[in-house]
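Student: Sharing a model prediction with you, sequence too.
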Amino acid sequence: MKTIEERIKELRDGNSQERKDAAEHLCERGGYRAVPQLIKALRDPCWPVRANAALALSSIGDPRALEALIEAIRDEWDVRENAVIGLGVIGDPRAVEALIEALNDPEVSVRAEAAYALGEIGDLRAIDPINELLKKDRSGEVKIAASRALEWLWKRT
């Protein structure tokens with residue numbers, strides 16, 4: 001089994017498959033030491049590397065990744081979904097505006113995860129946008145997520 005340091009080196013210097021695998025492995029056991037390199041990996045030319053890096057950062061929940069995850073909301077679908085999850089885990093109110101924008105994402109899973117993330121952050125600015133999402137979205141998954149998020153938000157008022 002490779003060490004965390006070896007995986008971080010692969011994430012930095014490996015081929016696209018090695019970088020993807022390294023980001024996936026660091027998601028499972030990378031911890032805080034991998035955060036700077038995972039943030040850099042969010043700009044990797046290979047989208048599966050970016051998706052795994054966002055997933056790893058989501059599992060770690062380190063606030064240093066906040067700005068990079070906000071930027072990743074504009075990436076490919078898997079990257080966006082994982083970035084939104086990470087922003088919910090980090091829980092910083094500075095992500096609220098970006099997450100509100102993600103409520104309009106074309107992908108159902110991104111909209112649902114954005115609602116959950118807003119509920120986790122607990123910022124009351126999200127109530128009206130989530131209410132609108134609940135009214136207009138046709139996806140049952142999104143409606144469930146929006147309902148739960150509103151429940152969490154109302155408990156905080």
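Tutor: That came through, no problem. Computed from a predicted structure; not experimentally measured.

Student: now the helices for the protein?
Tutor: 4-13, 16-29, 35-41, 47-60, 66-72, 77-90, 96-102, 108-121, 127-136, 140-155 (DSSP state H).

Student: Now tabulate the ones you listed in TSV and tack on mean pLDDT and mean neighbour count.
Tutor: C-beta here means a position set from N, CA and C on the backbone, and glycine is covered the same way. Formatted as TSV, the helices of the chain follow (pLDDT from 0 to 100; neighbours: other Cβ atoms under 10 Å):
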stretch	mean pLDDT	mean neighbour count
helix 4-13	93	17
helix 16-29	88	20
helix 35-41	96	21
helix 47-60	95	25
helix 66-72	98	21
helix 77-90	96	25
helix 96-102	98	20
helix 108-121	98	25
helix 127-136	97	16
helix 140-155	96	17
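
Student: List the contacts of the residue nearest to A98 when sequence neighbours are not counted.
Tutor: Here the nearest residue to A98 in space, its sequence neighbours aside, is I70; by Cβ to Cβ, 6 or more residues apart in numbering that works out to 4.6 Å. Shown in contact with I70 (Cβ atoms under 8 Å, 6 or more residues apart in numbering): A83, L87, R94, A95, A98.
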